[in-house]
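K.L.:
next input, structure requested:
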Amino acid sequence: MQPSSTPASERPRSPAAQFATPDRLSDYWRFYWAVAEAQIARWLPEAPSRLLDVSSPDYQGTPRAVAAGHDVVTLLPSADMAVRRPLTLVNGRAVVPRPARRGRLRHVVGDSAFLRNFASEVFDGVIADNRVLSRHLATESSVAEVARVLRPGGRALLCVDSVVLGMALLAEQDCWPELSHAPSADVLLVPWPDGSITRCFTAEQLTETLSDAGLELEWIKPRTVLSASTVEMMLARDPRSMGRLVEMELRATESDDYVGVHLVASARKPG
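P.N.:
Numbering: from 1, shown residues only. Sure, this is the predicted structure:
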């Protein structure tokens, strides 16, 4: 197959490429984050717990966890984004305060790929949402760090880019040789329109990565089964249907990783 002779800048952008500019799918992204918030609400522990959030500062599930009474430590990429109330350090390691009756949010500057600032087995849960593990190309090392800081019995919520999204982006960029090998590739790295690189997973690959880190898979599913076009069409017909769409998504039993651009998984550390 020969690449198209039409310059990429003059060709219509695929729906996949528009995921790099979410404002173009504003209705879908409102739906997407409503689903994500509902999923995190269902995943959170019932009792107040110590949670580590490595999902990036703009992750919208963190306020939900704090509102539910959990003590949340959020990693920030730079000191410029940190609040003035830092974590207490003992022997060079962050000391996580016990949860109060009302949840508290603390910030610490660090690299979400390497959690060296934290001792082992100090968190009841780790949230690695917002595609953060796909942006860490050595995902195995990042997941191993997540497993290390979890207490026995602790749980992790993770979100990664799927092979569906990777293949769509490769097709958008006329990477036909790479596209032909994508479904069977052991590691699929895909360039985004902004120049960054993302690592895409099948459900089987993500399950294997979790298992290799010593975590037991609880469940894995696409974040959304409903397509962007379906969501936008239904919201255009009835702007008040957002709640019904989210409920439909949460009730969906489809688990095929070839129907969604992102995969969400929950895993548990044995103990």
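K.L.:
low pLDDT regions in the stretch 101-250 of the chain?
P.N.:
Within the stretch 101-250 of the chain, the segments meeting pLDDT under 70 span 101-102.
K.L.:
send the alpha carbons of stretch 242-261 over as PDB?
P.N.:
The C-alpha atoms that make up stretch 242-261 are tabulated as PDB, following Å, rounded to 0.1, in the frame of the first residue of the first chain:
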ATOM      1  CA  MET A 242     -25.500  12.900  30.100                       C
ATOM      2  CA  GLY A 243     -26.600  11.100  33.200                       C
ATOM      3  CA  ARG A 244     -28.300   8.300  31.200                       C
ATOM      4  CA  LEU A 245     -25.200   7.900  29.000                       C
ATOM      5  CA  VAL A 246     -22.900   7.600  32.000                       C
ATOM      6  CA  GLU A 247     -25.200   5.000  33.500                       C
ATOM      7  CA  MET A 248     -25.300   3.100  30.200                       C
ATOM      8  CA  GLU A 249     -21.500   3.100  30.100                       C
ATOM      9  CA  LEU A 250     -21.100   1.800  33.700                       C
ATOM     10  CA  ARG A 251     -23.500  -1.000  33.000                       C
ATOM     11  CA  ALA A 252     -21.800  -2.100  29.800                       C
ATOM     12  CA  THR A 253     -20.400  -5.600  30.100                       C
ATOM     13  CA  GLU A 254     -18.300  -5.400  27.000                       C
ATOM     14  CA  SER A 255     -14.600  -6.200  27.900                       C
ATOM     15  CA  ASP A 256     -13.000  -6.400  24.400                       C
ATOM     16  CA  ASP A 257     -10.000  -4.200  24.400                       C
ATOM     17  CA  TYR A 258     -10.600  -3.500  20.700                       C
ATOM     18  CA  VAL A 259     -13.500  -1.200  21.300                       C
ATOM     19  CA  GLY A 260     -12.000   1.700  23.300                       C
ATOM     20  CA  VAL A 261      -9.000   4.100  23.000                       C
END
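K.L.:
next, report how far that stretch is displaced from the centre of its chain.
P.N.:
Put simply, stretch 242-261 sits 16 Å off its chain's centre (C-alpha atoms, centre = their mean, to the nearest Å).
K.L.:
list the buried residues in that stretch.
P.N.:
By 16 or more other C-beta atoms under 10 Å, the buried positions in stretch 242-261 come out as Met242, Leu245, Val246, Glu249, Asp257, Val259, Gly260, Val261. C-betas here are computed from N, CA, C, even on glycine.
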